[in-house]
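A.B. asks: Would you be able to build a 3D model of this:
(chains A and B, ligands or ions: 2)
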Amino acid sequence: MTYAHGKHAEPKTFLSKYIFSFDHKVIAKQFLWYGIFFLLIGGLMALMIRWTLAYPGEAFPVIGNWLFPETGGVIPPDTYSMLFTLHGTIMIFYAITPILIGAFGNYCIPLMIGARDMAFPTLNMLSFHLAALSGLILLSSLFFPLGGAAGGWTSYPTLSTLVGSPGIGQTLWCMAIFVLGASSTMGAVNYITTIISFRAPGMGYFDMPLTVWGLWLTAILNAIFIPVLGAGVMLLIFDRVFGTTFFLAGAAATSGTGDPILFQHVFWIFGHPEVYILILPAWGIVSDFLSFFARKPAFGAKATALAMTTISVLSTLVYGHHMFTTQMSPLLTQSFMTLTMTISIPSAILFANWLGTIYKGSIRFTSPMLFSLGVVFVFGLGGLTGLYLGTVSTDLYLHDTYFVVGHFHYTMAASVLLGGFAAIYFWFPKMFGRMMNETMAKVHFWGTMIGLNGVFFGMMVVGHAGMHRRLYNPFVYEFLQKLIPINTFITYSAFVMGFAQLPFLWNFFHSLVKGKVAESNPWEVGTLEWTLPSPPVNYNFEEIPVVQCGPHEFGNPNLPEGKDFQYQTEKLVEA
Amino acid sequence: MSFWDSIKAPLDISTNGQEIDSLFLYITAWNVFFFLLVITGLFWFSYRYSAKRNKKADYTYGNTKKQLLATLAIGAAVFFAIDLNITRMSNDDMLGKFWNFPGDEEDTIKVEVLAQQWMWNFRYAGADGVFNTEDDILTNHELHIPVGKKVEFRVTSKDVIHSFYLPNARLKVDAMPGRISRLWFEPTQTGTFDIACAEMCGTHHYLMQGKMIVHSQEEYLAWLGEAQTVANYANDNENIDNFWGWKWETNK
Ligand SMILES: [Cu+2]
Ligand SMILES: [Cu+2]
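C.D. replies: Ligands and ions are numbered 1, 2, ... in the order given. As a prediction, this is how the structure comes out:
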């Protein structure tokens, strides 16, 4: 194993250790703090949105008067638009991405493949600093006149051009996304390179944990498609600032005509893969954890890895299902519908393999395992409900309703969030050298499960009843008035889900200082990071390990009495 | 109102809305089946193979040819038996109904729709049958149509993207600046129904509401006569804002 960079001495000052660190473990933690910070903001925004939908015209409790003094605590309609725009943007780009990809991508990849660090540590550091800059730009936009972006996270022109969004907020939003895109691309090339060239000797691609597979595929999709989004928002900036007309048409296009639908193509060429960019790490993590805690090799691990790869490829070919109502040509519409359906083949294989893994296992219901089983449940619902939206005729009715909102929250929010929590509970002892409290974790799990199903299933119900999206007050419509009670129920569920995060927060911060000191391998798992002390030392491995078996070696009958797993550094025991 | 009634889709008043409702039900039936399959496995295995009940896990990679073929067969079965079936049904509905626009010879009600922040404008060709002339009938917020006759819409937008959404006909189509999109349906019931804007179009998106008034044939003719008189009298030649319409392009 050769390294492009020399070994630096261990950093001593606060700045070099915590701010300008090259260490992938520290950068992982930076992304984790960053992600949790934005998760709280995005979550609070969600509660404000839900509050408005259940109690239109009533003051938001406790902090309402402080946030909206002019209206006596009531969320005004323009602020409401900003709230759902920034809720979407923040949750996708500033909470889920940094936690799953930024934090666990950084933490797990080198440790799980037996490397001392990422291939490009400076790029890695820069990636976080750009993400921080992007977050600052986004938050600062709220303090300008007319406030932040309010055109939805999809920011379709011409609403997002000067025609519909005067003020600097939307421009800052575009800049924030562009800078974040650069950050993600830096991370992506780093991950790809590291996985290809820094795997420990003996570790073939199929000897990598499935977590690393998920992160790898995510990085590849990111490297290809984030630049597409970057180009889209850059053109939007041009339209807004320099008077070009890429996305303007109709009366507003005074100097030549562009096409607002062009943006939708660009956006969804990125946007559909983005769904998989978010979910793939969670799939990988869940595929590993089900095996780890069923104490049984991952069923069809190779098929799982290949199914994830197939989905990544297919995900690039189906984006048109987001645009059926723009009336593309029938041929395009039919093609996108059929291609979308093919995704169910690899998805069915994933589910078969997950269930195959726990079948005849010896399941330990630890917190990471509970959350992983939760992912299988919610992703089942999320995946299946996608069928209605990939089907053109049903989509005519359901497009832009809460049915879509419920569906994508099941896939992108619920599944990814539960996967992220599983990862936090699992790697916390390795990251911080202390255990989290299992009882609190279980309270957190059940509270979250009950709350999120109430919210997201409820959303699909009101969506099927016709309620469309992004309405400040849906009940001005006669046909939606009967949905007031169920909207109130959804809001209660959202508060349950919100309050269920308190035991998590307490657990996280309390365990940081007061948690039981973790052993090097508390979960009895054989992947490479567990051969190291908790937390690992600077540069991880004194000596680069040699990998001799796969990551899921559990329950081998030839193992000596009292041991049911082996480390990847050990030779596979045979009779 | 019972709980069930309160979450039902709005009343369907179109000849083709039932195709969407029945396909929804068909997909739901399969979804329930598959979801039950998944959670039965999930809960039963969790119960049966907990460490308490099953001390020793099986040692299998699930990589034998037989196991691989079995998973692949599940995937293929789902795709060929169900997905392609749904795709075919939806495709038939689209080609046979929703994309099967009325021909030239058919006598239909023709309406041009202009969306703008935050209202709906409707234009009827008037007595001369030609759009964008002085005798055009213009309404906003209110769409008047007769029951039992096909209605054709040509939709566009003045400013940002909107979406012309008729919940009671299970239809919507985007209203896009610079493009004209098409929609047709045939109402089966009289009454007053909501028209909504389904695409986020700014702060007052939620107020972009219209009403669709489905008349009986006689009532419609009465309304039309009255509206024509008003139009002849009130349309102002000098006001160019009145002439947002365009030449009607036929379907085939
Ligand atoms: Cu998609
Ligand atoms: Cu609108």
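A.B. asks: got the contact list for the closest residue to A:Asp400 other than its chain neighbours?
C.D. replies: Closest residue to A:Asp400 in three dimensions, ignoring its sequence neighbours and counting by Cβ to Cβ, 6 or more residues apart in numbering or on different chains: B:Ala198, at 4.1 Å. C-betas here are computed from N, CA, C, even on glycine. Contact partners of B:Ala198, counting by Cβ atoms under 8 Å, 6 or more residues apart in numbering or on different chains, are A:325, A:399-401, A:468-469, B:162-165, B:172.
A.B. asks: ok, is whichever strand or helix holds A:Thr85 in contact with ligand 2 or not?
C.D. replies: Using DSSP states H and E, the secondary-structure element containing A:Thr85 is helix A:77-89. No - Helix A:77-89 lies out of reach of ligand 2 by Cβ under 5 Å from the ion, never closer than 12.4 Å.
A.B. asks: tell me the phi and psi of the residue nearest to A:Asp400?
C.D. replies: B:Ala198 adopts backbone torsions of phi -100, psi -10, taken as degrees, to the nearest 10.
A.B. asks: do the same with A:Pro536
C.D. replies: A:Pro536 has phi and psi values of phi -70, psi 160 when expressed as degrees, to the nearest 10.
A.B. asks: number of nearby residues for the residue of the stretch 101-250 of chain A found nearest ligand 2?
C.D. replies: For the stretch 101-250 of chain A, the residue closest to ligand 2 is A:Leu159, as judged by Cβ to the ion, at 9.1 Å. As a burial measure, the neighbour count of A:Leu159 was computed by other Cβ atoms under 10 Å in any protein chain shown and equals 26.
A.B. asks: Could you list which residues are in contact with it?
C.D. replies: Residues in contact with A:Leu159, defined by Cβ under 8 Å, 6+ apart, are A:151-152, A:165, B:160-161, B:200-202.
A.B. asks: what packs against the helix or strand where B:Val155 lies?
C.D. replies: According to DSSP H and E, B:Val155 maps onto strand B:151-157. The contact analysis (3 or more Cβ pairs under 8 Å, 6 or more residues apart in numbering or on different chains; DSSP states H and E) places strand B:151-157 against strand B:109-116, strand B:171-175, strand B:181-185.
A.B. asks: Pick the most buried one from those strands.
C.D. replies: Neighbour counts (mean count of other Cβ atoms under 10 Å in any protein chain shown) averaged over each of those peak at strand B:171-175, with a mean of 26.
A.B. asks: next one: that strand to chain centre, how far?
C.D. replies: Using Cα atoms, centre = their mean, to the nearest Å, the mean C-alpha position of strand B:171-175 is found 6 Å from that of the whole chain.
A.B. asks: which other helices and strands contact it?
C.D. replies: helix A:392-398, strand B:109-116, strand B:151-157, strand B:162-166, strand B:181-185.
A.B. asks: one more time with 6 Å, if that's ok
C.D. replies: When contacts are defined as 3 or more Cβ pairs under 6 Å, 6 or more residues apart in numbering or on different chains; DSSP states H and E, strand B:171-175 sits against strand B:151-157, strand B:162-166, strand B:181-185.
A.B. asks: What is the neighbour count of A:Leu44?
C.D. replies: As a burial measure, A:Leu44 scores 15 neighbours (other Cβ under 10 Å).
A.B. asks: Secondary structure element holding it?
C.D. replies: Using DSSP H and E, A:Leu44 sits in helix A:24-54.
A.B. asks: same thing with B:His144?
C.D. replies: strand B:142-146.
A.B. asks: got a list of contacts for that strand?
C.D. replies: By Cβ atoms under 6 Å, 6 or more residues apart in numbering or on different chains, the list of residues contacting strand B:142-146 from outside reads B:109, B:122, B:151, B:211-215, B:217, B:220, B:223.
A.B. asks: coming back round to it: as CSV, the contacts of B:Ala198 with pLDDT and distance to ligand 2 would be great.
C.D. replies: Formatted as CSV, the entries for the contacts of B:Ala198 read as follows, by pLDDT from 0 to 100; distance: Cβ to the ion, whole Å:
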residue, pLDDT, distance to ligand 2
A:Thr325, 94, 13
A:His399, 95, 14
A:Asp400, 95, 11
A:Thr401, 96, 15
A:His468, 95, 10
A:Arg469, 94, 12
B:His162, 96, 3
B:Ser163, 96, 7
B:Phe164, 97, 9
B:Tyr165, 96, 9
B:Lys172, 95, 11
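A.B. asks: By neighbours, which of those residues wins?
C.D. replies: Top of the contacts of B:Ala198 by neighbour number is B:His162, holding 32 neighbours under the definition other Cβ under 10 Å.
A.B. asks: Do I have it right that that residue meets B:Ala175?
C.D. replies: Yes - applying Cβ atoms under 6 Å as the test, B:His162 and B:Ala175 come out as touching, 4.2 Å apart.
A.B. asks: thinking again about what came up before, would you format the contacts of B:Ala198 as a markdown table with distance to A:Gly555 included?
C.D. replies: Formatted as a markdown table, the contacts of B:Ala198 follow (distance: Cβ to Cβ, whole Å):
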| residue | distance to A:Gly555 |
| --- | --- |
| A:Thr325 | 51 |
| A:His399 | 48 |
| A:Asp400 | 49 |
| A:Thr401 | 47 |
| A:His468 | 51 |
| A:Arg469 | 48 |
| B:His162 | 59 |
| B:Ser163 | 55 |
| B:Phe164 | 59 |
| B:Tyr165 | 55 |
| B:Lys172 | 54 |
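A.B. asks: quick one: which of the residues you listed is nearest to A:Met435?
C.D. replies: Top of the list for closeness to A:Met435, among those and by Cβ to Cβ, is A:Arg469 at 42.0 Å.
A.B. asks: Longest helix in chain A, please.
C.D. replies: When every helix of chain A is counted residue by residue (DSSP state H), the longest turns out to be helix A:260-294.
A.B. asks: So which bits of that one are buried?
C.D. replies: A:260-261, A:263-294 (16 or more other Cβ atoms under 10 Å in any protein chain shown).
A.B. asks: Give the intersection of the neighbour lists for B:His162 and B:Ala175.
C.D. replies: For the pair B:His162 and B:Ala175, residues contacting each of them under the criterion Cβ under 6 Å, 6+ apart are B:Ala115.
A.B. asks: No more questions from me, cheers.
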